[in-house]
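> got a predicted model here, sequence first, then my questions.
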Amino acid sequence: MTGADRKRHLSPIPSSGDTSAGLRALPRPVAVVVGAGGVLGAAHVGVGYALEQRGFVPDMIIGTSVGALNGAIAAAHPDRAAPWLDQVWSRLRRREVYPLGHLPSRASVFTDRGLRRLIARSGLPSRIEELAVPFTAVAMDLGTGAPALLDHGDLASALLASAAIPGMLPPVEREGRTLVDGGVIAYVPVLAALKAGAASVVVVATGPESSPLRPVGPLRRAGAVAARAGMLLLHHQIERDLREVSRHIPTVVLPTGIESWPAPWDFGHARRLISTAELTAGRFLDGLGVDGPGLYRAEDPAATPAGPGGTSTSPSAMEAGL
């Protein structure tokens, strides 16, 4: 059955603490895939609240960049990570992640001291294998350009590698490889989930590059042209990978409902991002129905209706096999 053949699926709103019908229908093992996004990672917390409120616990978690840090905390505390992350994101400021006042290395503008401190305060075990839920951090091998799937060994270095924005934060030497931010090659690492044996995936992605494209007027400034081109590059990478994985397994993309995204350095919008994403993702989950492989997502994540059952899982939004 193709996406064009599917009917709209709406399920009753579950009681608090119950897994929604759509989530129950997902074949196991289910992977939660947490994408990159820097400061926009606050929206991950809102989606995490929506999943936890519905009693959902994944079988594996795979994250890139800030999604690796958020994902590792969720893997350590699979049923109560959202409140902890809420406290972190609500208090986080730029200088804690990108500290000034220290001489950078030749390979980066900022040091990773702030990120190291943040990881150290996160209550995480020292090794990936000690997490409660199987976890993979995705980085990129700077020598070969291949993805590096870090699913064992030292956890802190894996998170630093996955978040090492090229030029901004220093590369990480690990197991004989030089590693940088996984968002370069897998902004939303659904292919890694398929490779890991997931039978279905729940995607937590943020930012305009993860949303439907919208037309823009003429761009006359160099910065605006570069930003638009970079966004399009990531958008097409994400769409390509989502469509490939959805040909094989159910692929659920949770909306955030956020229309106005903050600047990359502005950590002052966490509360708005968290609350909006929690409400929007929750409404989507309450109306989700899953029927075989395909791409299940809202028509426009920023325009999900406010009423119960407002999830858009119409045929045009479930592009199986396309």
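Happy to help now that I have it. Numbers count the residues shown, from 1 in each chain.

> which parts of the stretch 1-150 of the chain are helices?
Counting by DSSP state H, counting those that start in this stretch, the stretch 1-150 of the chain has these helices, from start to end: 21-24, 42-53, 66-76, 81-91, 94-97, 113-120.

> helices and strands around the fourth one, which ones?
Meaning helix 81-91. Packing contacts for helix 81-91, counted by 3 or more Cβ pairs under 8 Å, 6 or more residues apart in numbering; DSSP states H and E, involve helix 42-53, helix 66-76, helix 270-286. Any C-beta I mention is one placed from the backbone N, CA and C, and that applies to glycine too.

> give me the contact list for the shortest one.
Under the criterion Cβ atoms under 8 Å, 6 or more residues apart in numbering, residues 32-41, 44-45, 48, 61-63, 81, 84-85, 118-119, 122-125, 131-135, 137-138, 155, 158-159, 162-163, 182, 189, 204 lie in contact with helix 66-76.

> and these, which of them are in strands?
Of the contacts of helix 66-76, the ones assigned to strands by DSSP state E are 32-34, 61-63, 135, 137-138, 204.

> hmm, back to that, any chance of the helices and strands packed on helix 81-91 in CSV, with mean neighbour count too?
Formatted as CSV, the helices and strands packed on helix 81-91 follow (neighbours: other Cβ atoms under 10 Å):
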stretch, mean neighbour count
helix 42-53, 27
helix 66-76, 29
helix 270-286, 22
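
> can I get those in a markdown table including distance to residue 109?
As requested, the helices and strands packed on helix 81-91 are exported to a markdown table (distance: least, Cβ to Cβ, whole Å):
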| stretch | distance to residue 109 |
| --- | --- |
| helix 42-53 | 23 |
| helix 66-76 | 18 |
| helix 270-286 | 23 |
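
> those helices: which one's closest to residue 20?
Counting by Cβ to Cβ, residue 20 lies closest to helix 270-286 out of the helices and strands packed on helix 81-91; the figure is 4.8 Å.

> pull out the buried members of the contacts of helix 66-76.
Neighbour counting over these (16 or more other Cβ atoms under 10 Å) leaves 32-41, 44-45, 48, 61-63, 81, 84-85, 118-119, 122, 124, 131, 133-135, 137-138, 155, 158-159, 162-163, 182, 189, 204 as the buried ones.

> can you tell me the closest non-neighbouring residue to residue 173?
Leaving aside its chain neighbours, residue 173 sits nearest to residue 179 (7.7 Å; criterion: Cβ to Cβ, 6 or more residues apart in numbering).

> that's a helix at the one you found, yeah?
No: going by DSSP: H, G, I helix; E, B strand; the rest coil, the assignment for residue 179 is strand, not a helix.

> give me the below-cutoff pLDDT ranges for the stretch 101-250 of the chain.
Applying pLDDT under 70 to the stretch 101-250 of the chain flags the ranges 101-105.

> on that earlier part again, can you lay out the helices and strands packed on helix 81-91 as a markdown table showing distance to residue 296 and mean pLDDT?
Shown next, in a markdown table, are the helices and strands packed on helix 81-91 (distance: least, Cβ to Cβ, whole Å; pLDDT from 0 to 100):
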| stretch | distance to residue 296 | mean pLDDT |
| --- | --- | --- |
| helix 42-53 | 15 | 95 |
| helix 66-76 | 20 | 96 |
| helix 270-286 | 9 | 94 |
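
> roughly how far is the longest helix along the chain from the heart of the chain?
The longest helix of the chain (DSSP state H) is helix 222-246. Computed by Cα atoms, centre = their mean, to the nearest Å, the separation of helix 222-246 from the middle of its chain amounts to 15 Å.
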